[in-house]
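Q: Sequence plus the predicted model coming up.
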Amino acid sequence: MSRRSLLAAGALASVPALAGTASAAGVRPADEGGSGLVTPVRPMPTTAADWTDIADVLGRKGNMARGTVYHTDYPREDLHVVSRGITVSSGLALGSHVAFVRYADGSTMVMGDLAVAEAELQHVTKALQRHGLEQTAIHKHLLAQRPDVWWTHVHGHGDDPVALARGVRAAMDRTGTPPPRQHQPPRATGLDTEGIDAAMSAKGSHYDGVYKCVFARRETIVDGGHVLPPGLGAISAFNFQSLGGGRAAVNGDVVMVADEVQKVLRTLSRDGIEVVDLHNHSLRDEPRLFFAHVWGVGDAVELAKCLRRAVAHTNVQTFT
């Protein structure tokens, strides 16, 4: 999976028919044989060529993940943010992303997480609402940051993927997100990545100047009667930004079901990892998922050990 750990339309017409749920959009999971048992709708394989019209609307190319997810990211390199005295890189915590998935019933789902400056937030909210896209969370990933940045999770589901993309584009046009940059090869972080991998029991990857480790839920996750592809909206992801001398700032989130939450929070607190917030990313996910955003500064390998002890309380597996 690409981890990139997931806009020239101008003022676009509103999309009143576009709904945030499959049922509202006239798309319903199948009821097999009238038994009353709903069969979740599964995603369909696609290629990048199937998403050319979406790329055109968004104004930038995305990439395919696992043959089903079309993913586009938007690094907020225009923002200069300091948290706890540390200058936060776009790779550590300042990125927006959206993912599109096509389903067997002909519908398309879009999910994403948008990083917006506080002055942009209400404009983004209004644009999403005009285009029928739902906000499923509005929260922060960082503590004591200047300037203030908010993250809003977005969700849309309907029969017209271009309309969904127009809604995303309208929202992103209300931000200072810079144009897409030319792809750059991964840069070494200067961290002990082998030590981090050993501590996390996972193979991480370099992305945008940070080192990232990702875990995905083992369960099948269903959202609004539609199966989410593995890893979509159900991952624990940790970004390590080098501070020199083997030290790092780490930012990320842990995905949990209800019975795991308190075990994870206690472990993080005991080991000195700060919890930024506890929230949900979706409104209709089954099983119900909770996310805790975390922040830590210290020896990178020791931070990885602490995070791994917390992740051990959750039903996840390493994700590549």
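A: Great, that's in hand.

Q: shaky segments in the protein?
A: Per-residue confidence of the chain (counting by pLDDT under 70) places the weak regions at 1-37, 183-186.

Q: how does it divide into domains?
A: Recorded structural domains for the chain (assignment: automatic domain parsing) are 30-172, 193-318.

Q: In the stretch 151-300 of the chain, mark out all the strands, start to finish.
A: Along the stretch 151-300 of the chain, the stretches classed as strands by DSSP state E, counting those that start in this stretch are 205-207, 210-217, 222-223, 226-227, 235-244, 247-256, 274-279, 285-286, 290-299.

Q: do the same with the stretch 1-150 of the chain
A: For the stretch 1-150 of the chain, applying DSSP E, counting those that start in this stretch gives strands covering 30-31, 38-39, 63-65, 69-75, 81-83, 86-88, 95-102, 108-117, 134-139, 145-146, 149-158.

Q: Name all residues that make contact with Ile139.
A: In this structure residue 139 is His, not Ile. Taking C-beta atoms under 8 Å, 6 or more residues apart in numbering as the contact definition, His139 lies against 150-151, 277, 279, 293. For glycine as for every other residue, the C-beta is placed from the backbone atoms N, C-alpha and C.

Q: Columns distance to Phe215 on top of the strands of the stretch 1-150 of the chain, output as CSV?
A: As requested, these are arranged in CSV below (distance: least, C-beta to C-beta, whole Å):
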stretch, distance to Phe215
strand 30-31, 31
strand 38-39, 28
strand 63-65, 16
strand 69-75, 17
strand 81-83, 24
strand 86-88, 23
strand 95-102, 18
strand 108-117, 17
strand 134-139, 20
strand 145-146, 25
strand 149-158, 19
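
Q: mind checking which of those is nearest Asp285?
A: Between Asp285 and the strands of the stretch 1-150 of the chain, the tightest spacing by C-beta to C-beta is seen for strand 134-139, at 9.3 Å.

Q: distance between the closest one and the chain's centre?
A: Relative to its parent chain, strand 134-139 has a centroid offset of 12 Å by C-alpha atoms, centre = their mean, to the nearest Å.

Q: Going forward, count from 222.
A: Sounds good: first residue 222 from here, last item strand 355-360.

Q: Direction included, what does that strand pair against?
A: Strands that pair with strand 355-360, judged by DSSP bridges, come out as strand 370-379 (antiparallel).

Q: Dump the partner strand to PDB, keeping only the CA atoms.
A: As requested, the backbone C-alpha atoms of strand 370-379 are provided in PDB (Å, rounded to 0.1, in the frame of the first residue of the first chain):
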ATOM      1  CA  VAL A 370      -5.100  23.800  12.600                       C
ATOM      2  CA  TRP A 371      -8.200  21.600  12.500                       C
ATOM      3  CA  TRP A 372      -8.900  18.300  10.800                       C
ATOM      4  CA  THR A 373     -12.300  17.500   9.400                       C
ATOM      5  CA  HIS A 374     -13.200  14.000   8.200                       C
ATOM      6  CA  VAL A 375     -15.400  13.900   5.200                       C
ATOM      7  CA  HIS A 376     -17.700  11.200   3.800                       C
ATOM      8  CA  GLY A 377     -19.800  10.900   0.700                       C
ATOM      9  CA  HIS A 378     -21.600   8.100  -1.100                       C
ATOM     10  CA  GLY A 379     -23.700   8.200  -4.200                       C
END
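
Q: now that strand against strand 329-338, angle please.
A: On the basis of axes from the mean of the first three to the mean of the last three C-alpha atoms, to 10 degrees, strand 370-379 is oriented at 160 degrees to strand 329-338.

Q: what's the distance between the nearest residue in space to Arg305 that is not next to it in sequence and Ala336?
A: Here the nearest residue to Arg305 in space, its sequence neighbours aside, is Ala365; by C-beta to C-beta, 6 or more residues apart in numbering that works out to 5.9 Å. Distance of Ala365 to Ala336, computed by C-beta to C-beta, to the nearest Å: 17 Å.

Q: related to what we said a few turns ago, before we move on, could you check phi and psi at the residue nearest to Arg305?
A: When quoted as degrees, to the nearest 10, the phi and psi of Ala365 stand at phi 50, psi 50.

Q: ok, how many other residues are close to Thr539?
A: 15 (other C-beta atoms under 10 Å).

Q: Hmm, it is touching Ser422, no?
A: Yes. Taking contact to mean C-beta atoms under 8 Å, the distance of 6.9 Å between Thr539 and Ser422 places them in contact.

Q: what's the closest of the strands of the stretch 372-521 of the chain to His376?
A: Set against His376 and scored by C-beta to C-beta, the strands of the stretch 372-521 of the chain come closest in strand 443-444, at 7.9 Å.

Q: Output the contacting helices and strands for the closest one.
A: strand 506-507 (3 or more C-beta pairs under 8 Å, 6 or more residues apart in numbering; DSSP states H and E).

Q: Partner strands of the strand it packs on and their direction?
A: The pairing partners recorded for strand 506-507 under DSSP bridges are strand 443-444 (antiparallel).
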